[in-house]
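> below is the structure, and that's it, no one-letter string:
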């Protein structure tokens with residue numbers, strides 16, 4: 001099976017900010033004019049609006065790998081979904097600053113950047129436009145019992161802000177072509193993935 005871009009959407013909650021998820025430092029950042037969006041960014045073991053299910057073990061591995069990008073301030077995302085697996089820096093609108101699990105929900109925080117795309121994102125949120133965050137990854141799928149399962153070869157690339165939903169009731173809040181993985185992940189990223197897989201198998 002060939003890999004293709006897999007994109008899933010989670011809509012922003014009303015108002016865009018979830019105060020109980022913010023640290024004091026983040027609240028100060030917002031108070032000084034910054035913007036942080038927070039909420040659900042993905043779900044495991046649940047049928048989404050695109051008819052796909054992400055097994056928990058697969059998504060858990062990818063979130064663990066993605067956390068390395070978050071720690072290195074490399075977890076950028078774009079406004080709207082491009083058709084490929086490349087994150088275009090000129091289109092970057094935000095940076096994911098934290099991801100964590102809450103049951104089967106992957107939670108996240110996104111810092112809106114002071115870039116042209118970031119300024120558009122800020123303006124849309126301030127204007128009350130309903131937006132959502134959408135995962136972008138590469139992988140193959142298989143059909144099983146009438147359901148589309150995401151395979152173990154799935155690799156999470158980033159989270160983008162978009163306007164089309166695939167998962168009802170999953171809101172963030174204000175606070176297919178073949179692809180080459182070498183164009184997405186650095187050698188260090190691939191080594192980190194292998195180490196994580198070895199450690200998880202022990």
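Alright, I've got the coordinates. Just so it is clear, the structure is predicted and the values come from calculations on it, not from any experiment. Residues are numbered from 1 along each chain as shown.
> tell me the pLDDT at the residue nearest to the spatial centre of the chain?
Central residue of the chain (CA atoms, centre = their mean): residue 159, 2.9 Å from the mean position. At residue 159, the model reports a pLDDT of 93.
> residue 176 now?
pLDDT, residue 176: 31.
> now residue 100
In this prediction residue 100 is given a pLDDT of 94.
> name the SS class of it, please.
strand (DSSP: H, G, I helix; E, B strand; the rest coil).
> so how many other residues sit close to the nearest residue to it once chain neighbours are set aside?
Spatial nearest neighbour of residue 100, chain neighbours left out: residue 107 (5.3 Å); criterion: CB to CB, 6 or more residues apart in numbering. The way it works is simple: take the backbone N, C-alpha and C, and place the C-beta from them, glycine included. A count of nearby residues for residue 107, using other CB atoms under 10 Å, gives 18.
> relative to residue 149, how far out is residue 107?
23 Å (CB to CB, to the nearest Å).
> the chain: strands as residue ranges?
4-17, 36-43, 52-53, 76-78, 92-102, 105-112, 132-139, 141-144, 147-150, 155-162, 171-174 (DSSP state E).
> residue 136 reaches residue 158, doesn't it?
Yes: between residue 136 and residue 158 there is a contact at 5.3 Å, judged by CB atoms under 8 Å.
> okay, now residue 72: neighbour count?
10.
> follow-up on the earlier one: now the strands of the chain as JSON lines including distance to residue 119?
Below are the strands of the chain laid out as JSON lines (distance: least, CB to CB, whole Å):
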{"stretch": "strand 4-17", "distance to residue 119": "15"}
{"stretch": "strand 36-43", "distance to residue 119": "14"}
{"stretch": "strand 52-53", "distance to residue 119": "32"}
{"stretch": "strand 76-78", "distance to residue 119": "14"}
{"stretch": "strand 92-102", "distance to residue 119": "8"}
{"stretch": "strand 105-112", "distance to residue 119": "9"}
{"stretch": "strand 132-139", "distance to residue 119": "18"}
{"stretch": "strand 141-144", "distance to residue 119": "36"}
{"stretch": "strand 147-150", "distance to residue 119": "34"}
{"stretch": "strand 155-162", "distance to residue 119": "13"}
{"stretch": "strand 171-174", "distance to residue 119": "15"}
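> please name whichever of those is nearest to residue 86.
strand 155-162 (8.7 Å; CB to CB).
> count of neighbours near residue 31?
Other residues close to residue 31 by other CB under 10 Å number 8.
> can you check residue 151 too?
Residue 151 has 14 neighbouring residues, counting by other CB under 10 Å.
> how close does the closest residue to residue 41 other than its chain neighbours get to residue 59?
Closest residue to residue 41 apart from its sequence neighbours, by CB to CB, 6+ apart: residue 108 at 3.9 Å. Going from residue 108 to residue 59 by CB to CB gives 13 Å.
> looking at those two, which one has more neighbours?
The residue with more neighbours, out of residue 108 and residue 59, is residue 108; 26 against 23, by other CB under 10 Å.
> need the pLDDT of that one.
Residue 108 is given a pLDDT of 90.
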